[in-house]
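**Student:** A predicted structure for the sequence below; I have some questions about it.
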Amino acid sequence: MAVVFDDILVKGVRQGQIPARTQDARDWFRNKARSTRSSNAYPNNILDDSKKQRSVSPGSMYHFLYDPKMKKELPYYDRFPLIFMVESAKDGFYGINLHYLPPKLRAVLMDALYKISNNKRYDETTRLRLSYDTLKGASRFRFFKPTFKKYLNKHVRSQFVEIKSVEWDIALFLPTERFEKASKSRVFADSRKMIR
């Protein structure tokens, strides 16, 4: 995995923190990721140092480069999404891009998502049991609305970097969003309005 993920993970393990297993551990990793310099979390660093794959699986977290088909019509978009893949579509897939939420709301949504993981081992077998109906039907997932996006396979511009479950909380807060045509503050303000 990318050096920036490994550095935070190793520091946490040395301090006795086991990612995702307790709220204290999640908070520790989230705080460390928040304080990481953005130059370390630059997309090229993550893509270059990581094991890549050509496809995505439901319930797993991924980073990738994306160039939307309708980018001229969109008010803004994220060139380096951080998604949980939800389900396949005819010409692509649906995912929840956590970058569309401000950090505090990312944490709230992620804490809710942990409750639908397929196991509590947080190893290579851990996935979220996601579907659009599950997200839409539970009030604890109400923050997903501004994050739900469709991605077209032909507009993916890199291979996919799968983020291991032990690194979800690190990825959640690394400053890797790359919004085009609008600032983060505008994106976050629009997302808050959509949630209300």
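**Tutor:** Arrived safely, thanks for sending.
**Student:** so which strand or helix has residue 134?
**Tutor:** helix 132-137 (DSSP states H and E).
**Student:** mind listing the residues bridging to the most centrally placed residue in the chain?
**Tutor:** The chain has residue 82 as the residue nearest its centroid, 3.4 Å off, counting by Cα atoms, centre = their mean. Residue 82 has these beta-bridge partners by DSSP bridges: residue 63.
**Student:** quick check: pLDDT value at it.
**Tutor:** If you check residue 82, the pLDDT there is 96.
**Student:** on that earlier part again, helices and strands around the helix holding residue 134, which ones?
**Tutor:** Contacts defined by 3 or more Cβ pairs under 8 Å, 6 or more residues apart in numbering; DSSP states H and E place helix 132-137 against strand 82-89. Backbone N, C-alpha and C define where each C-beta goes, glycine included.
**Student:** now the strand it packs on, how far from the chain's geometric center?
**Tutor:** Here strand 82-89 is found 10 Å from its chain centre; the criterion is Cα atoms, centre = their mean, to the nearest Å.
**Student:** hmm, who's touching that strand?
**Tutor:** By Cβ atoms under 8 Å, 6 or more residues apart in numbering, the surrounding residues in contact with strand 82-89 are 56-63, 93-99, 113, 128, 130-132, 135, 148-151, 163, 171-172, 176-177.
**Student:** among those residues, name the buried ones.
**Tutor:** Buried subset of the contacts of strand 82-89 (neighbour count, 16 or more other Cβ atoms under 10 Å): 56, 58-63, 93-99, 113, 128, 130, 135, 148-149, 151, 163, 171-172, 176-177.
**Student:** which members of these are positioned in strands?
**Tutor:** In strands, judged by DSSP state E, the following of these are found: 61, 62, 63, 93, 94, 95, 96, 97, 148, 149, 151, 163.
**Student:** determine which two of those residues are furthest apart.
**Tutor:** Put simply, by Cβ to Cβ the two of these set farthest apart are 148 and 163, 18.7 Å from each other.
**Student:** next up, the contacts around the nearest residue to residue 77 once chain neighbours are set aside.
**Tutor:** Using Cβ to Cβ, 6 or more residues apart in numbering and skipping the chain neighbours, the partner closest in space to residue 77 is residue 68 (5.0 Å). By Cβ under 8 Å, 6+ apart, the contact set of residue 68 is 74, 77, 152, 155.
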